[in-house]
Every structure is written in structure tokens, then in C-alpha cells.
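Student: All I have is the shape, not the residue letters:
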């Protein structure tokens with residue numbers, strides 16, 4: 001990052017940078033300045049997944065290994081030009097950040113927000129998500145089971161239900177499968193749909209998959225997690241850095257990349273993803289064309305569930 005008096009120019013904003021040399025990933029010497037540079041470099045594809053969404057900030061002021069906290073409300077000292085949205089919660093309301101531009105993304109990085117976690121719905125229709133997420137984490141460190149499950153789930157969603165899921169590494173332990181929706185179904189409906197899909201797939205492969213939330217009931221099987229699909233829940237943003245050694249990054253994939261034996265959930269990092277995007281482009285470019293209604297898929301799913309139980 002090229003700074004003058006610890007400031008950086010992003011678009012038409014000048015952002016003051018506090019302690020740019022602070023090491024957030026000391027094992028690799030990755031500083032706050034480098035984190036800001038990274039988010040500026042990936043802002044174009046990343047903002048397509050952040051604009052118009054309330055987000056929670058995962059902040060690590062002492063670096064990824066230090067004390068961390070999730071920050072949902074906007075602090076009073078945040079500048080006025082950062083967009084905000086008041087959202088309802090169980091006991092009132094909370095005003096959250098909406099990251100609509102590269103300057104906001106850089107400002108959040110200066111606040112040691114290593115990982116932004118956006119909602120699955122947008123501010124103009126908070127109760128109706130435009131995304132549905134299946135979270136696939138391995139039992140133990142068995143990423144091959146995650147890869148196998150992603151293929152099986154992807155085939156079910158595509159070939160049998162007529163949907164077009166996308167897949168990404170989480171930068172943590174597993175993969176996310178993401179569906180883009182037309183916002184005609186509320187959170188209760190999308191979550192119920194996701195759970196029915198998971199139940200169907202787990203019923204077909206009961207030795208390898210489960211929808212049992214209690215860990216002591218899973219018996220080494222992969223848990224098909226659909227719990228994120230509820231009002232006010234968040235999901236890690238594509239291209240987001242994770243607070244883990246070497247700064248791994250949540251990375252959108254082409255489906256055939258699942259066949260690469262070198263692939264792991266932390267395969268790409270803050271230092272390697274910009275070159276991947278520059279050399280190969282964004283695998284999720286044009287993903288909006290995959291947006292679908294759940295209505296036809298639900299009718300197909302009802303038939304499949306009836307067939308599998310008859």
C-alpha cells in the first residue's frame with residue numbers, strides 16, 4: 001500500500017490508516033497495510049457479494065491469534081459516508097454496516113475486520129433471502145469426504161431439482177454450496193427447503209452423511225449444515241480472509257476444480273488469490289444468471305421425498 005502520512009486514497013475517499021505496520025498474521029509478516037491492499041485488489045468481484053447487505057465484522061485488533069470479537073452494531077466513530085441499515089432483532093433493533101464500495105471495505109480492514117460476514121438477504125427485502133447456503137465441514141480432517149459430498153449435493157440440486165449451485169472453499173475447514181434465489185420465498189421457506197434437501201441426501205447415504213446437529217450423534221459422518229439459512233444469520237463472504245495461519249481466503253471455484261487432488265479448504269491465501277483472479281478471472285462472474293425460484297424445485301423435491309419414503 002502506498003501511503004502518505006498514513007492515509008490511502010480509495011476512489012474519492014481518503015482513509016486514515018492506524019498502525020499500517022501492525023502485523024495481523026505475524027507468522028507471515030502480513031500487516032494491516034497488506035490486508036488493506038488485498039481487499040482493494042479483490043474489491044470488484046467481492047463487492048458483488050457484499051453490496052446491499054448488512055454485515056457482521058469479525059475483528060482481530062491484536063492479530064488473528066489474539067482476542068477477537070464479532071461486531072454487529074456500527075460504532076459511533078465510523079464516518080458518515082459508510083452506509084448503515086437498522087435491522088430488527090429479538091429485543092429491539094441494531095444498526096449494521098452495509099459495505100457498498102471499496103472505500104468501506106478498506107476502512108473495515110483498517111478496523112482489523114479480517115473477515116466480513118454478510119447476511120443472506122439484502123436491505124430492500126430483509127425477510128426474503130436471495131442466497132441459500134449448504135455448509136460442508138469434514139468430520140475430523142477428512143476433506144475428501146467434503147469433496148465427495150459437494151459432488152453428490154451438487155448433482156442432486158442440478159440434475160434432480162433444476163437449480164444451479166455454485167461452490168467455494170471457505171478458507172477454514174470445508175466448502176460452501178450456494179444457491180442464488182429470486183427472493184420470492186422467506187427465510188422459513190428457504191431453511192425448510194434446505195433441510196429437506198439435506199434429509200433426502202443423508203437418507204440416501206446414511207453411512208456417510210447426517211443432519212444430526214448433536215456431535216455425539218453423528219458417529220463420524222459429515223453433518224449437512226443448513227442452519228445459516230435463517231433471518232439475521234450470516235455467511236463468510238467470497239474472497240474474505242480467514243483468521244487462520246497464513247491468511248487463507250474463501251475462494252469461489254469452478255466445479256471441475258473439485259477434481260484437483262491438491263485442492264484443500266485453505267488452498268488460496270491473501271497473497272495468492274489476486275494472481276488467481278488476474279490470471280483466470282472470477283469463476284463466479286455471471287453467477288446472477290443462475291438465480292432461480294424455489295417453487296419448481298420444491299415440487300420436484302416433494303416428489304423425490306415421497307418416492308424415497310414409499
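Tutor: Yep, that arrived. Just so we're clear, the structure is a prediction, and the values are computed from it rather than from any experiment.
Student: Show me where the stretch 101-250 of the chain has its helices.
Tutor: Counting by DSSP state H, counting those that start in this stretch, residue ranges of the helices within the stretch 101-250 of the chain are 102-110, 143-155, 187-204.
Student: which one of these lies closest to residue 214?
Tutor: The minimum distance between residue 214 and the helices of the stretch 101-250 of the chain falls on helix 187-204, with 14.3 Å, by Cβ to Cβ. Every C-beta, even on glycine, is put in place using the N, C-alpha and C of the backbone.
Student: what's the closest of the helices of the stretch 101-250 of the chain to residue 82?
Tutor: Taking Cβ to Cβ as the measure, the helices of the stretch 101-250 of the chain were each checked against residue 82, and helix 102-110 came out nearest at 5.3 Å.
Student: Now do that closest one, average pLDDT.
Tutor: Computed over helix 102-110, the mean pLDDT rounds to 98.
Student: which other helices and strands contact that helix?
Tutor: Using 3 or more Cβ pairs under 8 Å, 6 or more residues apart in numbering; DSSP states H and E, the elements in contact with helix 102-110 are strand 7-10, strand 13-16, helix 32-41, helix 43-47.
Student: Contacts only, for residue 265.
Tutor: Contacts here follow Cβ atoms under 8 Å, 6 or more residues apart in numbering; on that basis residue 265 touches 143, 146, 169-175, 248.
Student: and what of residue 22?
Tutor: Taking Cβ under 8 Å, 6+ apart, we find residue 22 in contact with 31-32, 63, 112.
Student: Tabulate these in a markdown table, adding columns for neighbour count and distance to residue 284.
Tutor: Formatted as a markdown table, the entries for those read as follows, by neighbours: other Cβ atoms under 10 Å; distance: Cβ to Cβ, whole Å:
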| residue | neighbour count | distance to residue 284 |
| --- | --- | --- |
| 31 | 19 | 28 |
| 32 | 23 | 27 |
| 63 | 20 | 30 |
| 112 | 23 | 27 |
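Student: Residue 299: neighbour count?
Tutor: Taking other Cβ atoms under 10 Å as the neighbour definition, residue 299 ends up with a count of 11.
Student: Let me see the ranges of the strands in the stretch 51-200 of the chain.
Tutor: Secondary structure of the stretch 51-200 of the chain (DSSP state E, counting those that start in this stretch): strands at 54-59, 69-71, 83-89, 92-98, 113-118, 131-136, 166-169, 175-180.
Student: okay, now the domains of the chain?
Tutor: As assigned by automatic domain parsing, the chain contains the domains 1-118, 124-310.
Student: quick one on the thing from earlier: quick one: which two of the contacts of residue 22 are the most distant?
Tutor: When the contacts of residue 22 are compared pair by pair using Cβ to Cβ, the farthest-apart members prove to be 31 and 112, with a separation of 11.2 Å.
Student: Spit out the residues that contact those two alike.
Tutor: Shared between the contact lists of residue 31 and residue 112 (criterion: Cβ under 8 Å, 6+ apart) are residues 22, 24.
Student: Can you say which of the helices and strands packed on helix 102-110 is packed in most?
Tutor: Comparing the helices and strands packed on helix 102-110 by mean neighbour count (mean count of other Cβ atoms under 10 Å), helix 32-41 comes out on top with a mean of 22.
Student: In JSON lines, list the helices and strands packed on helix 102-110 along with mean pLDDT and distance to residue 125.
Tutor: JSON lines is the format used below for the helices and strands packed on helix 102-110 (pLDDT from 0 to 100; distance: least, Cβ to Cβ, whole Å):
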{"stretch": "strand 7-10", "mean pLDDT": "94", "distance to residue 125": "29"}
{"stretch": "strand 13-16", "mean pLDDT": "95", "distance to residue 125": "28"}
{"stretch": "helix 32-41", "mean pLDDT": "97", "distance to residue 125": "27"}
{"stretch": "helix 43-47", "mean pLDDT": "97", "distance to residue 125": "19"}
